[in-house]
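From the sequence below, what's the structure:
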Amino acid sequence: MTQIKCPNCDGQLIIPKQSSTVVCEYCNTTVNVKTGKILKENYFMKLQYDLEMATEKMYSWGTKQLGAPKGLNKSKVIESKLVFWPFWVVEVEAEANYTGVQKKPDFRGSSSQRTLKWNNITETGELDMEQDIFIPANPDTPEPLKEYIIPTKRKEYFNKDQILEVRGTTEPVQMEQTVAIQKAKKVMSDILRQEALKEVDSITRIDEKLETPAVFLVSIPIWHIKYCYKIRNYDALVDGASGRIIHMKFPRKMAFRAMTLLSGLLHLAVGGGFGLLLVYLGLTASDGIFPTAFGIAFGLGMLGISLRFFRTAFSLRAGMEEAR
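Next up, the predicted model:
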């Protein structure tokens with residue numbers, strides 16, 4: 001570990017390995033390790049839900065999930081820790097002009113011998129968006145937390161003493177602000193392309209203008225909870241600032257798993273049988289494309305539904321289901 005002086009109080013700062021910022025333990029000033037300058041926009045979310053309240057929220061949410069046992073709230077918490085995970089919050093303003101190709105159907109011929117042809121039509125459009133992009137500032141951030149939309153309206157300036165008062169720990173910031181901005185712009189660029197693809201089938205050109213009027217650092221209190229139900233252990237992540245359940249694994253009743261598997265088989269049988277019947281009628285009796293296309297689409301749709309049932313029934317070999 002290396003050391004630098006705090007530019008605010010002249011105190012000696014010990015820099016953790018690979019950290020891009022450090023908080024002075026004497027005056028709570030956040031310092032950029034690379035430049036030695038003060039980072040003013042550093043916040044944290046105060047803990048609003050202690051362990052007892054977070055656990056109560058977790059059990060209340062879990063018992064409402066399909067297939068969860070009624071006695072889930074009688075489980076025992078065997079391990080818990082409060083971690084303040086750092087995130088860069090980048091406000092991105094985006095404008096884009098795009099050109100793309102949209103395929104539109106062209107029906108020709110008589111009703112009995114109608115053919116379908118697809119024409120490629122060039123379409124143009126404009127996009128104007130503004131969004132806060134959350135970038136994890138530590139590579140060890142749990143995967144479910146990376147997709148979490150963080151509520152930051154009640155943020156306060158970072159205070160290490162208040163975190164220690166609630167027996168919380170902090171994770172080091174290991175990403176530079178400039179890198180976070182680049183990542184946020186890449187995320188917004190992908191969002192623009194996804195929005196454009198809602199209007200066209202393929203994009204031939206897109207011109208983007210991205211600006212970042214605001215960037216700040218915020219640390220979020222997350223309860224890491226491990227609990228025991230009967231003989232198995234499960235884990236959960238609960239937002240200590242809002243009480244939201246970010247991630248939770250919980251047991252599924254065997255009766256629910258059997259019912260889900262049976263539903264999947266029924267959907268597969270009905271969808272496959274009815275779809276094949278429509279295809280047969282379209283190719284023989286009607287000699288048209290509509291019954292055939294509808295039969296294929298219907299069969300594939302029912303197949304998709306049945307696969308979702310199968311996935312739920314067979315997910316997680318330990319007999320548990322993950323939900324967010």
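
Please make it C-alpha for all contacts and neighbour counts, starting now.
Fine.

And the pLDDT at the most centrally placed residue in the chain?
Nearest to the geometric centre of the chain sits residue 147, at 2.7 Å (C-alpha atoms, centre = their mean). Note for residue 147: predicted pLDDT of 87.

what's the distance between it and residue 184?
13 Å (C-alpha to C-alpha, to the nearest Å).

before we move on, what about residue 105?
Distance from residue 105 to residue 184, by C-alpha to C-alpha: 38 Å.

Out of those two, name the residue with the larger neighbour count.
Neighbour count, other C-alpha atoms under 10 Å: between residue 105 and residue 184, residue 184 has more, with 24 against 10.

now the helix or strand hosting residue 246: how far from the chain's centre is it?
Taking DSSP states H and E as the criterion, residue 246 maps to strand 245-251. Distance, stretch centre to chain centre, for strand 245-251: 14 Å (C-alpha atoms, centre = their mean, to the nearest Å).

What pairs with it, parallel or antiparallel?
Its sheet considered, strand 245-251 pairs with strand 232-239 (antiparallel), strand 320-323 (antiparallel) by DSSP bridges.

Can you get me the start-to-end distance on stretch 190-209?
Stretch 190-209 has an end-to-end distance of 13 Å (C-alpha to C-alpha).

For it, give me every contacting residue.
By C-alpha atoms under 8 Å, 6 or more residues apart in numbering, the list of residues contacting stretch 190-209 from outside reads 94-103, 123, 125, 127, 189.

in the stretch 1-150 of the chain, which spans are helices?
51-63, 143-146 (DSSP state H, counting those that start in this stretch).

Let me know which of those helices is tucked in deepest.
Highest mean neighbour count among the helices of the stretch 1-150 of the chain (mean count of other C-alpha atoms under 10 Å): helix 51-63, with a mean of 17.

centre of the chain versus that one, how much separation?
The chain centroid and the centroid of helix 51-63 are separated by 21 Å, computed with C-alpha atoms, centre = their mean.

cool, stretch 12-23 as well?
29 Å.

Could you dump the helices of the stretch 1-150 of the chain into TSV and include distance to residue 29?
Listed next are those as TSV, based on distance: least, C-alpha to C-alpha, whole Å:
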stretch	distance to residue 29
helix 51-63	29
helix 143-146	26
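
mind checking which of those helices is nearest residue 136?
Set against residue 136 and scored by C-alpha to C-alpha, the helices of the stretch 1-150 of the chain come closest in helix 143-146, at 6.5 Å.

Show me what whichever helix or strand comes after that closest one is in contact with.
Counting by DSSP H and E, the next helix or strand C-terminal to helix 143-146 is strand 156-157. Among residues not part of strand 156-157, those counted as contacts by C-alpha under 8 Å, 6+ apart are 41, 42, 43, 44, 45, 46.

out of the residues you listed, which are buried?
With burial judged by 16 or more other C-alpha atoms under 10 Å, the buried subset of the contacts of strand 156-157 is 42, 43, 44, 45, 46.

any idea how far the fourth one is from residue 78?
Spelled out, it's residue 45. 26 Å.

same thing with the last one?
Distance of residue 46 to residue 78, given as C-alpha to C-alpha: 25 Å.

Same question for residue 20.
Taking C-alpha to C-alpha, one finds residue 20 at 34 Å from residue 78.

which of these two has more neighbours?
Shown here are residue 20 and residue 78; by other C-alpha under 10 Å, residue 20 has more neighbours (19 against 11).

Residue 222: which element?
With DSSP H and E as the test, residue 222 turns up in strand 202-229.

who are the neighbours in contact with residue 9?
26, 27.
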